[in-house]
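1. Could you look at this predicted model? Sequence included:
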Amino acid sequence: MEIDQDVVYITNSFGFLKAIDITDPTAPVVLGQLPQFVFETDLAVSGGLALIDQGSRLLFVDVQQPESMSVIDSMDFTVDRWARSYALDGNTAYLLHSGNDGYLLEIVDVSDPDSRFTLSLSTLSESSDPTELTDLAFDQGMIYAMRQNFGVHVIDVTDPSMPSVQSFIPLPFGRSLTAHDGYVTINAEQHGVFLIDASQPNKPILKQVHDTTFEASDAEFYNGALLVSGGDGLERIDASGEANPILGFSTTSNARDIAMSDSIAVVADGIGGVKFIDISDSHSPTVIHSDAGSGRTAEIFDQYAFVVEGHLGLNVWDLSDPKSISYLGGFDIPGDLYGDISIEYPLAYLACQGRDVIDVVDISDPTDIRLQASIPTAHSPIQIVVHNNLALYSCYDSSTGQSAIVALDVSDLANTTTLDTLELVTDEVAFGLELVESKLYIANEQEGLLVVDASNPSSLAITSTHSVNGSASDVCVFGTMLYVSVSQQGLFVFDISNQPSAPVQIGTYATVDATGVDVRDDLIAVSTNNGLQLIDPNAGCAASCTVDFNNDGTLNFFDVSAFLAAYLDNNPAADFNGDGLLNFFDVSAFLVDFSAGCP
């Protein structure tokens, strides 16, 4: 699909090019159809000329009169190279080739179709690179080349004879893209549409993420809006607002956890080790230091960063001087696999999956960390929180698939006592724990968010469960707000000001992905499988639909069924009118709002 002024050019499933007048978007009019089977794989239109890619051949089509379009010339490619995508700006064509020699950007002067000549030929990717380049877009002297499910190259072509790479935008999703007036749209199929501000080509910023009701495969800007097409239709999106106020995005390989100080974010990266990122300018986070390894969990206490790095144990860095981050030392027992840390100064508790123990170490001198105790656990400990001599940890039995929460009295490290064991659903792992006063909030994979009453540690009890339509991986509470990171879904936001035991979902941030989260008063940091995202919490999030009770994005009978099941189970989440009681008035309020539909 391409839009030129008030005409949209599309090809249908039979391979015919059509021109449609959308001056009145509510009543589109077909102007004409190219009387030739073109079997198009890409399309570009500018100034009365259309380029149509047929794989090994490029067609030049005169579209000055959409009612009578005609092929005026063609351009054949070599046997070992074929066009993947291209863009057109006036008399200059930008062609993305793929072949035996990798991916190439060819810039061609097409002012005279009978006498074309190449201005430059640049290699974007070697043939040995496994990632695939799938689309190309031009805007304001810049070429944007889509590397499928990996990111976007930003290339300055103001001098077509000397293209210059300006930056790379990392995104784990996306196959096609569009560019217009300094903005780039990434079409990420089932993950929706990403809108990027590229007005500063060397510092592009992810601004918004829009969910679509279908898999987004193509998009075009038109009259201040995005027209997004997919397998199930066409959708118009207002791209002028700040629906998802994403401030900045910084690349890491496989971010698993995040911790923030005033100016530094510490990212535990499963592949890239530990990344220290300057977030003093939240619009442009910058990696200032990195360390090889396999980061699992990060915590910041005082001026120190404590990072659990699996088989490398616990490592400590001094953050007092952001310009010179220094490694102080660490603690490790060879062969162990540490997964999490909880600090109850001067002690730190390490969940050790390698030996089914919790190691307790003294961190009062970060340069000389010493083991104080090793507490045996029944099964592999995954996550741990400790407060006032009470340790709560999640564990998992790989032989049975059973997971549980265990309460442990650690007031006497030589004689610890198991107070209670709360079994959870099988085959789900509690990867995120947050203890606030007497409430334990759990990110329990596909089961979603669990709330456990820990006021009596000898009798742990689940008070409510909340579906997040995905795999919950981390949880963080800041003030009266609770945040749950959900893999391949985003960040879910809950209000716990009224009933901490029954959080109320108020919205979502549609981030690129979400594996971990940390929050301070002016910033939300989300770790993803492909980087770090920073979000402005004061700009608000996308409102949720409260009657979409199972959070699957669709309003239907299953929401009614899920609500009634929660109501009959006395789940506080069914207190729909928020009066603290479960009765007929909650059912009535739910059905009224359900009939009204989602906003």
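-> Thanks, I have the structure now. Numbering: from 1, shown residues only.
2. And the host helix or strand of residue 307, how far out from the chain middle?
-> Per DSSP states H and E, residue 307 falls inside strand 304-308. With C-alpha atoms, centre = their mean, to the nearest Å as the basis, strand 304-308 stands 24 Å off its chain's centre.
3. What is the helix or strand that it is followed by packed up against?
-> Moving toward the C-terminus from strand 304-308, the next helix or strand (DSSP H and E) is strand 314-318. On a contact count with 3 or more C-beta pairs under 8 Å, 6 or more residues apart in numbering; DSSP states H and E, strand 314-318 meets strand 273-278, strand 304-308, strand 326-331. From N, CA and C alone the C-beta is placed, and that goes for glycine too.
4. quick check: mean pLDDT across the last one?
-> Here strand 326-331 scores 93 as its mean pLDDT.
5. And stretch 313-321, by the same measure?
-> Stretch 313-321 shows a mean pLDDT of 94.
6. now the strands: where do they sit in the stretch 51-200 of the chain?
-> In the stretch 51-200 of the chain, the strands defined using DSSP state E, counting those that start in this stretch lie at 57-62, 70-76, 81-89, 92-99, 102-109, 117-125, 133-139, 142-147, 151-156, 164-170, 176-180, 183-187, 193-197.
7. Parallel or antiparallel, list what pairs with the fourth one.
-> Spelled out, it's strand 92-99. strand 81-89 (antiparallel), strand 102-109 (antiparallel) (DSSP bridges).
8. Save those strands as JSON lines, and put in mean pLDDT, distance to residue 432 and mean neighbour count too.
-> Converted to JSON lines, the strands paired with strand 92-99 look like this (pLDDT from 0 to 100; distance: least, C-beta to C-beta, whole Å; neighbours: other C-beta atoms under 10 Å):
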{"stretch": "strand 81-89", "mean pLDDT": "70", "distance to residue 432": "40", "mean neighbour count": "21"}
{"stretch": "strand 102-109", "mean pLDDT": "82", "distance to residue 432": "40", "mean neighbour count": "19"}
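9. got those strands as JSON lines, with distance to residue 255 columns?
-> JSON lines is the format used below for the strands paired with strand 92-99 (distance: least, C-beta to C-beta, whole Å):
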{"stretch": "strand 81-89", "distance to residue 255": "30"}
{"stretch": "strand 102-109", "distance to residue 255": "27"}
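10. and residue 273, which of those is closest to it?
-> Of all those, strand 102-109 sits nearest to residue 273, with 29.2 Å by C-beta to C-beta.
11. So which residues of this structure form helices?
-> Secondary structure of the chain (DSSP state H): helices located at 557-568, 584-596.
12. Tell me which of those helices is the most buried.
-> helix 557-568 (a mean of 16; mean count of other C-beta atoms under 10 Å).
13. Could you list every helix and strand in contact with that one?
-> Contacts defined by 3+ C-beta pairs under 8 Å, 6+ apart place helix 557-568 against helix 584-596.
14. any idea of the mean pLDDT in the helix it packs on?
-> Helix 584-596 carries an average pLDDT of 76.
15. for stretch 396-416, same thing?
-> Stretch 396-416 shows a mean pLDDT of 93.
16. Check which residues of that stretch are buried.
-> Neighbour-count burial for stretch 396-416 flags 396, 403, 404, 405, 406, 407, 408, 410, 416 (criterion: 16 or more other C-beta atoms under 10 Å).
17. One more: stretch 518-534?
-> By 16+ other C-beta under 10 Å, the buried positions in stretch 518-534 come out as 518-519, 523-534.
18. Would you mind listing the residues in contact with residue 441?
-> Contact analysis of residue 441 by C-beta atoms under 8 Å, 6 or more residues apart in numbering lists 432, 433, 434, 435, 449, 450, 451, 452, 475, 477, 482, 503.
19. Which members of those are classed as buried?
-> Neighbour counting by 16+ other C-beta under 10 Å classes 432, 433, 434, 435, 449, 450, 451, 452, 475, 477, 482, 503 among these as buried.
20. So what sits opposite the first one in the bridge?
-> With DSSP bridges applied, residue 432 shows beta-bridge pairing to residue 443.
21. right, and it touches residue 383 too?
-> Yes: counting by C-beta atoms under 8 Å, residue 383 is a contact partner of residue 432 at 6.6 Å.
22. okay, the contacts of residue 441 in a markdown table with pLDDT next?
-> Conversion of the contacts of residue 441 to a markdown table gives the following (pLDDT from 0 to 100):
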| residue | pLDDT |
| --- | --- |
| 432 | 94 |
| 433 | 96 |
| 434 | 96 |
| 435 | 96 |
| 449 | 94 |
| 450 | 95 |
| 451 | 96 |
| 452 | 96 |
| 475 | 96 |
| 477 | 95 |
| 482 | 96 |
| 503 | 92 |
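23. before we move on, the earlier item: which ones among the buried ones among the contacts of residue 441 lie within strands?
-> Among these, DSSP state E puts 432, 433, 434, 435, 449, 450, 451, 452, 475, 477, 482 in strands.
24. from those residues, which single one is nearest residue 30?
-> Nearest member of those to residue 30, counting by C-beta to C-beta, is residue 449, at 49.8 Å.
25. and the strand holding residue 307, what does it pack onto?
-> For strand 304-308, where contacts count as 3+ C-beta pairs under 8 Å, 6+ apart, the packed elements are strand 264-269, strand 273-278, strand 297-301, strand 314-318, strand 338-344.
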